[in-house]
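1. The amino acid sequence is not available; the structure is as follows:
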């Protein structure tokens with residue numbers, strides 16, 4: 001592959017010459033290739049449109065002096081100019097989280113999901129092996145929007161149990177709003193950069209606890225509301241160049257997956273479901289976009305750690321995560337479970353939806369044929385009505401037949 005004038009040499013991480021990344025800017029509805037004036041991190045091109053008032057002030061530096069292109073510019077790569085050698089996705093937690101990606105971890109209340117996340121966060125902050133997986137050490141910023149006191153006590157329990165002090169894990173103890181305006185999004189980005197400067201390290205992982213608390217006032221089932229939240233979620237992880245993991249809740253019917261708008265699941269790279277059953281606690285990767293670890297199941301249990309006494313003299317305790325064998329996954333889903341999940345999804349939708357859209361919502365949980373079979377039965381039972389390839393829920397009170 002020949003080099004273009006002004007191109008930089010490829011690094012050991014597989015960067016290629018300037019031909020493979022071009023930036024296009026829009027002018028009056030037309031798209032024009034713009035000349036290269038420099039190169040940012042990870043092969044991003046930098047363009048100087050200072051003479052165009054539209055683009056002035058849109059080039060912003062990150063904490064390490066790199067510059068992000070204006071949002072009016074689109075980065076383009078041509079397929080025949082890609083390097084022949086494959087560069088695997090960078091991972092911060094082996095087989096689980098990718099660098100700069102976005103993920104959602106959800107489960108019922110008291111399933112152990114926050115303990116599980118804190119255990120993983122501490123491993124990243126320490127650069128320690130976690131559940132048999134290697135980690136990339138770095139700063140962790142925990143947005144404890146729901147219960148800062150609970151997060152603090154759980155971290156105290158972790159440090160006491162493991163007899164360590166966890167460095168480079170910052171707990172943000174203020175409310176965060178990703179729905180109503182950009183101000184809190186701006187504040188999070190500024191804070192991450194400030195913490196990076198103070199500690200002299202790169203932030204690897206940002207944790208949002210929880211999606212419901214950080215999107216207060218939004219209709220969880222409405223794309224027009226949650227789309228704004230996801231846009232700000234993406235902006236934080238992109239501008240901070242850190243993985244953003246959001247903690248969320250299951251719906252009323254756990255088989256239906258996480259609560260609310262299905263577009264949230266579609267937007268993330270990784271989805272992790274945490275469950276607590278008589279067979280044990282388990283975290284399962286139910287979606288994995290860039291890694292081949294979908295279906296990975298991680299077993300764990302909670303061990304009680306004494307912290308002291310309450311003001312009444314009663315024992316004050318918390319818990320820590322300990323690894324166990326993952327409980328065996330059920331061989332199949334009962335039809336009533338599939339039906340209940342479909343009913344909850346259609347109730348949340350509140351309007352007719354194409355059958356293919358219903359099947360897509362449950363991708364990774366139920367097969368398309370299982371969803372279609374159940375929809376057909378539900379039509380015969382008078383639970384749904386199908387018109388021209390769309391289905392809608394009719395009056396129905398019980399969760400499943």
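-> Yep, it's here. Predicted model only: the values in this text are computed from it and were never measured.
2. who does the longest strand seen in the chain touch, helix- and strand-wise?
-> Criterion DSSP state E: the longest strand present in the chain is strand 297-309. Applying 3 or more Cβ pairs under 8 Å, 6 or more residues apart in numbering; DSSP states H and E, one finds that strand 297-309 makes contact with helix 113-126, helix 148-162, strand 280-288, strand 315-324. Where C-beta positions appear, they are placed from N, C-alpha and C, glycine not excepted.
3. To residue 224, which of these lies closest?
-> strand 280-288 (23.3 Å; Cβ to Cβ).
4. Contact partners for residue 120?
-> For residue 120, the residues meeting the contact criterion (Cβ atoms under 8 Å, 6 or more residues apart in numbering) are 93, 96, 130-131.
5. Which residues outside the longest strand of the chain are in contact with it?
-> 112, 115-116, 119, 131, 153, 156-157, 160-161, 280-285, 315-327, 329.
6. Which parts of that strand count as buried, going by neighbours?
-> Neighbour counts over strand 297-309 (16 or more other Cβ atoms under 10 Å) mark 298-300, 302, 305 as buried.
7. highest average neighbour count across the helices and strands packed on strand 297-309?
-> Highest mean neighbour count of the helices and strands packed on strand 297-309: helix 113-126, a mean of 23 (counted as mean count of other Cβ atoms under 10 Å).
8. Following element in sequence after that helix, please.
-> strand 139-144 (DSSP states H and E).
9. Mind listing what's buried along that next one?
-> Buried-residue list, strand 139-144, by 16+ other Cβ under 10 Å: 139-144.
10. Please apply the same query to stretch 261-270.
-> In stretch 261-270, counting by 16+ other Cβ under 10 Å, buried: 261-262, 264-265, 267-270.
11. Then stretch 73-82?
-> Buried residues in stretch 73-82, counting neighbours by 16+ other Cβ under 10 Å, are found at residue 73.
12. any low-confidence regions in the stretch 101-250 of the chain?
-> Along the stretch 101-250 of the chain, the model assigns pLDDT under 70 to no residue.
13. Now residue 291: which helix or strand?
-> Judged by DSSP H and E, residue 291 forms part of no helix or strand.
14. how near is it to residue 179?
-> 30 Å (Cβ to Cβ, to the nearest Å).
15. Look up the closest residue to the residue nearest the centre of the chain, ignoring the ones flanking it.
-> Centroid-nearest residue in the chain, with Cα atoms, centre = their mean: residue 103, separated by 1.8 Å. Spatial nearest neighbour of residue 103, chain neighbours left out: residue 270 (3.8 Å); criterion: Cβ to Cβ, 6 or more residues apart in numbering.
16. what sits against the one you found?
-> The contact partners of residue 270, by Cβ under 8 Å, 6+ apart, come to 96-98, 101-104, 285, 287-289, 291.
17. and what of residue 119?
-> Neighbours of residue 119 in contact, by Cβ under 8 Å, 6+ apart: 130, 158, 300, 320-321.
18. which one of those is nearest residue 245?
-> residue 130 (13.5 Å).
19. Number of residues surrounding that closest one?
-> 21 (other Cβ atoms under 10 Å).
20. One more: the one 5 residues further on?
-> The criterion is other Cβ under 10 Å. On that basis, residue 135 has 24 neighbouring residues.
21. these two touch, right, it and residue 123?
-> Yes - with contact defined as Cβ atoms under 8 Å, residue 135 counts as touching residue 123 (5.1 Å).
22. just to revisit the earlier point, and the residue nearest to the centre of the chain, how far from residue 287?
-> Taken as Cβ to Cβ, the span from residue 103 to residue 287 is 9 Å.
23. Which neighbours do the two have in common?
-> 268-271.
24. TSV for the residues you listed, including pLDDT and secondary structure?
-> Converted to TSV, the shared contacts of residue 103 and residue 287 look like this (pLDDT from 0 to 100; DSSP: H, G, I helix; E, B strand; the rest coil):
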residue	pLDDT	secondary structure
268	97	coil
269	97	coil
270	98	strand
271	97	strand
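25. Can you name the two of these that sit furthest apart?
-> Longest span within the shared contacts of residue 103 and residue 287, Cβ to Cβ: 269 and 271, 8.6 Å.
26. Buried subset of the contacts of residue 120 as a PyMOL selection?
-> A single PyMOL command selects the buried members of those (16+ other Cβ under 10 Å):
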select buried, resi 93+96+130+131
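27. As CSV, the contacts of residue 120 with distance to residue 352 would be great.
-> As requested, the contacts of residue 120 are exported to CSV (distance: Cβ to Cβ, whole Å):
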residue, distance to residue 352
93, 40
96, 37
130, 45
131, 43
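28. For residue 393, give me the pLDDT.
-> The score at residue 393 is 87. That number is its pLDDT.
29. Bridge partners for it, pull those for me.
-> Counting by DSSP bridges, residue 393 is bridged to residue 384.
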